[in-house]
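Engineer: Give me coordinates for this.
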Amino acid sequence: MSKPKQPAKLYEMLIGHEEKYDRKRYPDLLRMLAAIFVIAIHTVSLAASMVPAESLQYDILTVFVFTFISCNQIFVMVSGALLLPVKGERIGAFFARRFVKVAVPLVVCYVLYIVAKNGFSAVSPQNLPLLFVRILMGAPTEAPHFWLIYVILMLYLYTPFLRYLLSHIPDMVFYGVLSVFLLTDAANTFAPLFGLEAPLPVISESFVSVYLTGYFLAEKCSRKISGWIIAAGGICYLIACGLILFTESYEPYIYQTSPVMTFFCAAVFLAIKSRNDSDKNDLFIKLVCKHSYSILLLHWGVLHFVVKQVLHVNVLSGGIVGGCILMASLTFLISLAGAILLDNTLIAWILSLFRKVSGQT
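Structural biologist: Sure thing, here's the model as predicted:
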């Protein structure tokens, strides 16, 4: 029996087209995990900023910061896993469909953050040129977490070239290329230990190595060494914890594109990938996955304005654990509700306009 028309429409708004889910489940699980982690990292880092820096509480919170900040690499790895294997998609179609779906929500939320902070005068006709320049320049002070979106957009610009490269080189050559990128990340990370400057920091900052790692982990060839990668990721996690607990200047060696972070995230990726499809009909996973990008965009404002200032939730109230759980839970639920609303109104209308202009169905 077919679903009634209105419930079916509501289902599509919340979850998306059902046929979309006749594919592998692990990317959905990873995106849901990353969406939860991105809220957890900013909640826990806020708590860490409010306790003494020399305390055990601070060290434990920093361990959780390292754990949750893996969301950055997970988002990038999932993008590489989903986009790079695609074949036969023309460059124009790629940018008209995929690039626009990332760029439009970014611009919409960018403007919302600017208006929320500076009022509607920021989008007055005489200020539009300045706003346009600000959007091109990168993440605003009102939404510093947008830096990751700009990284992903840059990787989207590289994607057609990387697809062509990956489809025209043997697997062994690709392994060599990926190894060079990872070794470059290692050199950039650990060179300061020896009093040297990072040789090619721009490569690490671009996250290309993480993007390509996502592609590698998604391919069948990774199965042969998946156990070794998971073990290496576990060891790297213990190394990071040790550095946090027993050293002071650990940040450059465990964050961003550090091999410590990359192997930990790769282990998380493969651990989720190894799951079976028992959760195939889990509506919650589909719901969060569909709106994970908008959750990423909106959660900063929800956390720092709605939850902190409007609801007056203190991250340390009821103890650190209780305060963090309460603040993160409220931020997640409100961000999810806001993402559903925004995805199905303003963003949907603008994307529909782009489809009509580009002749897409």
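
Engineer: Spatially nearest residue to Leu155 (excluding sequence neighbours)?
Structural biologist: Distances taken as Cβ to Cβ, 6 or more residues apart in numbering put Tyr211 closest to Leu155, at 5.0 Å, once the chain neighbours are dropped. Just so you know, the C-beta spots here come from the backbone N, C-alpha and C atoms, and that holds for glycine as well.

Engineer: in which helix or strand would I find the one you found?
Structural biologist: helix 208-218 (DSSP states H and E).

Engineer: do Met172 as well
Structural biologist: Counting by DSSP H and E, Met172 is part of helix 171-190.

Engineer: quick one on the thing from earlier: which is the next helix or strand following the helix holding Tyr211?
Structural biologist: Assigned by DSSP H and E, the successor of helix 208-218 is helix 226-246.

Engineer: so what secondary structure elements neighbour that next one?
Structural biologist: Judged by 3 or more Cβ pairs under 8 Å, 6 or more residues apart in numbering; DSSP states H and E, helix 226-246 is in contact with helix 56-68, helix 251-254, helix 259-273.

Engineer: try it again with 10 Å
Structural biologist: helix 56-68, helix 208-218, helix 251-254, helix 259-273 (3 or more Cβ pairs under 10 Å, 6 or more residues apart in numbering; DSSP states H and E).

Engineer: now, of those helices, which is deepest in the fold?
Structural biologist: For the helices and strands packed on helix 226-246, the largest average neighbour count (mean count of other Cβ atoms under 10 Å) is found in helix 208-218, namely a mean of 25.

Engineer: Could you measure from the residue nearest to Leu155 over to Ala34?
Structural biologist: 15 Å (Cβ to Cβ, to the nearest Å).

Engineer: Kindly report the same for Leu157.
Structural biologist: 22 Å.

Engineer: More neighbours: these two, which one.
Structural biologist: Legend: neighbour count by other Cβ atoms under 10 Å for Leu157 and Ala34, higher for Ala34 (26 against 10).

Engineer: Can you say which helix or strand has the nearest residue to Val104 once chain neighbours are set aside in it?
Structural biologist: Of all residues not flanking Val104 in the chain, Ile350 sits nearest, at 5.2 Å (Cβ to Cβ, 6+ apart). For Ile350, the host element (DSSP H and E) is helix 346-358.

Engineer: what's that helix in contact with?
Structural biologist: Residues from elsewhere that reach helix 346-358 (Cβ atoms under 10 Å, 6 or more residues apart in numbering): 13, 92-93, 95-97, 100-101, 103-105, 107-109, 111-112, 293-294, 297, 339, 341-343, 360-361.

Engineer: now do stretch 221-235
Structural biologist: 70, 171, 174-175, 213, 215-217, 259-271, 273-274.

Engineer: quick one on the thing from earlier: what are the buried residues along the helix holding Ile350?
Structural biologist: Using 16 or more other Cβ atoms under 10 Å as the test for burial, helix 346-358 gives Leu346, Ile347, Leu351.

Engineer: what does the average pLDDT come to for it?
Structural biologist: Averaging pLDDT along helix 346-358 yields 86.

Engineer: hang on, the earlier thing: redo the helices and strands packed on helix 226-246 as TSV? Include distance to Ala40 and mean pLDDT.
Structural biologist: Converted to TSV, the helices and strands packed on helix 226-246 look like this (distance: least, Cβ to Cβ, whole Å; pLDDT from 0 to 100):
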stretch	distance to Ala40	mean pLDDT
helix 56-68	4	95
helix 208-218	20	95
helix 251-254	17	92
helix 259-273	14	96
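
Engineer: Can you add distance to Trp228 and give those back as JSON lines?
Structural biologist: Output for these, formatted as JSON lines (distance: least, Cβ to Cβ, whole Å):
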{"stretch": "helix 56-68", "distance to Trp228": "22"}
{"stretch": "helix 208-218", "distance to Trp228": "13"}
{"stretch": "helix 251-254", "distance to Trp228": "21"}
{"stretch": "helix 259-273", "distance to Trp228": "10"}
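
Engineer: Which of these sits closest to Val306?
Structural biologist: With Cβ to Cβ as the measure, helix 56-68 is the member of those nearest Val306 (20.2 Å).

Engineer: Now tell me what touches the closest one from outside.
Structural biologist: Outside helix 56-68, the residues that reach it (Cβ under 10 Å, 6+ apart) are 33-34, 36-53, 55, 237, 240-241, 243-246, 250-251, 254-255, 260-261, 264, 268, 316, 320, 324, 328.

Engineer: Go again with 7 Å.
Structural biologist: Contact with helix 56-68 is made by 37, 40-41, 44-45, 47-48, 51-52, 240-241, 244-245, 254, 320, as judged by Cβ atoms under 7 Å, 6 or more residues apart in numbering.

Engineer: Appreciated, that's everything.
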